[in-house]
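A.B. asks: Sequence and predicted model, in that order:
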Amino acid sequence: LRNVVRGMPARQAALQVAHLASDYRRRSQWDLAEATFIELIDQYPNEPVAAEAMLWLLHLWSSSEMAWHRSRDVQMTAHVQQTSRFLINGRIQRLLDAAQKEQSDPLKTARASTADPLADLELVQPTPSQDAQNWQAETHSYWRRQAIQMGQVIRQRLPEVYPAPAVTWPLASAIRREGHARVSENLYRKHVSADPNDEVGLRASAELWVTQPVDEMPPHLGYCTWATVRPHLDGVLGDECWLEAREILLARGDSSSEQSVSDPIIENRAAYPSVMLSHDDQFLYIAATLPRHPASQQSRRNSPPAIQFEGRTHDADLAGFDRLKISLDTDRDYSTAYEIEIDERGLVRESCWEDSTWNPQMWVHVDSEPTRWRIEMAIPFTELGPVAPQRETAWAVSVTRTIPGIEWQAWPPSAVDNHQESKGLVQFR
């Protein structure tokens with residue numbers, strides 16, 4: 001790689017390396033993308049594309065969804081892992097050492113790091129000996145520690161970017177999952193606001209509520225209730241688990257009102273699109289009831305879409321059809337998530353963050369009528385992580401419905417903007 005860019009101006013060389021890394025990303029070659037972005041930051045730390053590379057690596061390494069996706073079907077010897085980790089650890093440590101020596105604006109850096117909870121956190125140690133029987137958990141922890149170290153690099157090199165939610169959320173999530181809840185909470189407290197319209201402040205307060213649920217509940221809080229008996233996936237939604245589940249109501253994308261789940265004031269709930277979640281120790285169950293928009297009822301009455309029960313494929317083309325997208329952020333880093341999209345024909349499209357090669361095993365049934373359509377599905381927890389969530393565990397979740405040419409509906413309402421940060425909390429019961 002260095003031979004390819006030798007003699008180029010720094011800006012041009014950095015762009016060339018970034019282009020190569022982006023190509024690896026498109027091909028889902030994560031190890032190569034990771035190594036190329038590290039090379040970019042190491043050789044051209046002051047170029048704008050290096051800042052983008054730092055953020056991308058932070059998001060990649062902090063993501064439990066990507067960690068599970070990358071490691072689930074990989075077999076790797078302890079020796080190979082130790083060698084790879086040693087090399088990457090050394091590169092990142094050199095980046096951090098160089099950043100600490102190069103302070104282009106010492107006053108700005110001092111202001112950004114004053115009273116910073118991360119300043120006294122030393123989590124990334126030399127790579128420990130690898131237990132071949134437990135390499136997966138060790139690998140996930142290693143990636144989280146790399147994310148924390150990248151956060152330290154960003155704090156030194158990009159002090160004006162470091163306080164931003166795009167850094168805080170994934171960094172706090174990685175620190176929390178490494179067992180340092182107090183440090184994570186201190187990061188959230190820096191964003192708490194008394195302004196009820198400040199979404200960043202509301203999200204920080206919601207994260208603090210998860211650890212200490214004594215204050216006012218978050219404005220967008222749903223529940224995933226326990227299923228004593230598994231539902232029969234027929235789209236009827238008459239099973240016991242759905243009778244006991246709590247509905248999550250979707251609002252129109254242009255709605256200026258905020259839904260209060262704790263005290264809903266809704267006269268005709270049946271007219272609202274809704275989603276319900278349930279679970280047992282093996283499966284996550286999702287159900288949705290989606291009334292058709294009046295503008296589409298006549299067309300569906302004359303020519304209803306054919307539901308496809310057999311021959312379904314992953315990553316179908318859903319354009320032009322009424323569809324529902326469910327985003328599951330299992331580690332609440334508000335940067336990466338599993339996304340499952342289902343249309344009125346029963347076809348699906350899935351991705352893990354920016355990787356469409358994530359093709360989980362799941363069961364989907366769609367029931368369609370001229371006035372409404374329903375979804376009932378089950379996905380094994382083994383497709384989403386190494387263990388099933390325990391009681392009181394919270395995920396960050398958003399649900400978005402697209403009615404082509406008519407409107408969007410979402411929970412929370414801000415999710416229509418399709419930002420990973422726009423999510424509510426779903427707590428497992």
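C.D. replies: Arrived safely, thanks for sending.
A.B. asks: quick one, strands of this structure?
C.D. replies: Along the chain, the segments classed as strands by DSSP state E run 221-226, 248-249, 251-252, 274-279, 283-291, 323-329, 338-343, 348-352, 363-368, 372-380, 394-403, 407-411, 424-428.
A.B. asks: Next, format these as JSON lines and append mean pLDDT, distance to Glu240 and mean neighbour count.
C.D. replies: To be clear about C-beta, it is placed using only N, CA and C from the backbone, and glycine gets the same treatment. Shown next, in JSON lines, are the strands of the chain (pLDDT from 0 to 100; distance: least, Cβ to Cβ, whole Å; neighbours: other Cβ atoms under 10 Å):
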{"stretch": "strand 221-226", "mean pLDDT": "97", "distance to Glu240": "10", "mean neighbour count": "20"}
{"stretch": "strand 248-249", "mean pLDDT": "96", "distance to Glu240": "19", "mean neighbour count": "21"}
{"stretch": "strand 251-252", "mean pLDDT": "88", "distance to Glu240": "28", "mean neighbour count": "18"}
{"stretch": "strand 274-279", "mean pLDDT": "98", "distance to Glu240": "9", "mean neighbour count": "23"}
{"stretch": "strand 283-291", "mean pLDDT": "97", "distance to Glu240": "12", "mean neighbour count": "23"}
{"stretch": "strand 323-329", "mean pLDDT": "97", "distance to Glu240": "22", "mean neighbour count": "23"}
{"stretch": "strand 338-343", "mean pLDDT": "97", "distance to Glu240": "23", "mean neighbour count": "23"}
{"stretch": "strand 348-352", "mean pLDDT": "97", "distance to Glu240": "26", "mean neighbour count": "21"}
{"stretch": "strand 363-368", "mean pLDDT": "95", "distance to Glu240": "17", "mean neighbour count": "18"}
{"stretch": "strand 372-380", "mean pLDDT": "97", "distance to Glu240": "14", "mean neighbour count": "21"}
{"stretch": "strand 394-403", "mean pLDDT": "97", "distance to Glu240": "23", "mean neighbour count": "24"}
{"stretch": "strand 407-411", "mean pLDDT": "94", "distance to Glu240": "24", "mean neighbour count": "22"}
{"stretch": "strand 424-428", "mean pLDDT": "97", "distance to Glu240": "18", "mean neighbour count": "23"}
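A.B. asks: which one of those lies closest to Ser303?
C.D. replies: Among those, strand 363-368 comes nearest to Ser303, with 12.0 Å by Cβ to Cβ.
A.B. asks: With just CA atoms, put the closest one into CSV.
C.D. replies: Provided in CSV are the C-alpha atoms of strand 363-368 (Å, rounded to 0.1, in the frame of the first residue of the first chain):
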residue,chain,number,x,y,z
TRP,A,363,-39.8,-17.2,10.7
VAL,A,364,-42.1,-14.6,9.3
HIS,A,365,-45.9,-14.8,8.7
VAL,A,366,-47.9,-12.0,7.0
ASP,A,367,-51.6,-11.8,7.0
SER,A,368,-53.1,-9.3,4.5
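A.B. asks: List the pairing partners of that strand within its sheet, with orientation.
C.D. replies: Strand 363-368 pairs in its sheet with strand 372-380 (antiparallel), by DSSP bridges.
A.B. asks: Quick one: residues in contact with the strand it pairs with.
C.D. replies: By Cβ atoms under 8 Å, 6 or more residues apart in numbering, the residues outside strand 372-380 that reach it are 230-231, 233-237, 282-292, 322, 324, 340, 342, 344, 360-368.
A.B. asks: Recalculate using a threshold of 6 Å.
C.D. replies: 233, 235, 283-292, 342, 344, 360, 362-367 (Cβ atoms under 6 Å, 6 or more residues apart in numbering).
A.B. asks: starting at the chain centroid, how far to that strand?
C.D. replies: The chain centre lies 21 Å from the centre of strand 372-380; the measure is Cα atoms, centre = their mean, to the nearest Å.
A.B. asks: now the angle between strand 283-291 and it, please.
C.D. replies: Going by axes from the mean of the first three to the mean of the last three Cα atoms, to 10 degrees, strand 372-380 is angled at 170 degrees with respect to strand 283-291.
A.B. asks: hang on, the earlier thing: include distance to Leu202 when you put the strands of the chain into JSON lines, please.
C.D. replies: Listed next are the strands of the chain as JSON lines, based on distance: least, Cβ to Cβ, whole Å:
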{"stretch": "strand 221-226", "distance to Leu202": "11"}
{"stretch": "strand 248-249", "distance to Leu202": "17"}
{"stretch": "strand 251-252", "distance to Leu202": "16"}
{"stretch": "strand 274-279", "distance to Leu202": "21"}
{"stretch": "strand 283-291", "distance to Leu202": "25"}
{"stretch": "strand 323-329", "distance to Leu202": "16"}
{"stretch": "strand 338-343", "distance to Leu202": "23"}
{"stretch": "strand 348-352", "distance to Leu202": "27"}
{"stretch": "strand 363-368", "distance to Leu202": "33"}
{"stretch": "strand 372-380", "distance to Leu202": "29"}
{"stretch": "strand 394-403", "distance to Leu202": "13"}
{"stretch": "strand 407-411", "distance to Leu202": "15"}
{"stretch": "strand 424-428", "distance to Leu202": "10"}
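A.B. asks: quick one: contacts for the nearest residue to Val192 once chain neighbours are set aside?
C.D. replies: Nearest residue to Val192, sequence neighbours excluded (Cβ to Cβ, 6 or more residues apart in numbering): Ala204, at 4.9 Å. Neighbour list for Ala204: 188, 191-192 [criterion: Cβ under 6 Å, 6+ apart].
A.B. asks: how about 8 Å then?
C.D. replies: Ala204 neighbours (Cβ under 8 Å, 6+ apart): 188-193.
A.B. asks: Take these and keep only those in helices.
C.D. replies: Of these, the ones assigned to helices by DSSP state H are 188-189.
A.B. asks: between the contacts of Ala204, which is nearest His419?
C.D. replies: For those, the residue nearest His419 by Cβ to Cβ is His191; the value is 15.9 Å.
A.B. asks: What number of neighbouring residues does Glu392 come out with?
C.D. replies: Number of residues near Glu392 (other Cβ atoms under 10 Å) recorded here: 10.
A.B. asks: phi, psi of it?
C.D. replies: With angles defined as degrees, to the nearest 10, Glu392 sits at phi 80, psi -10.
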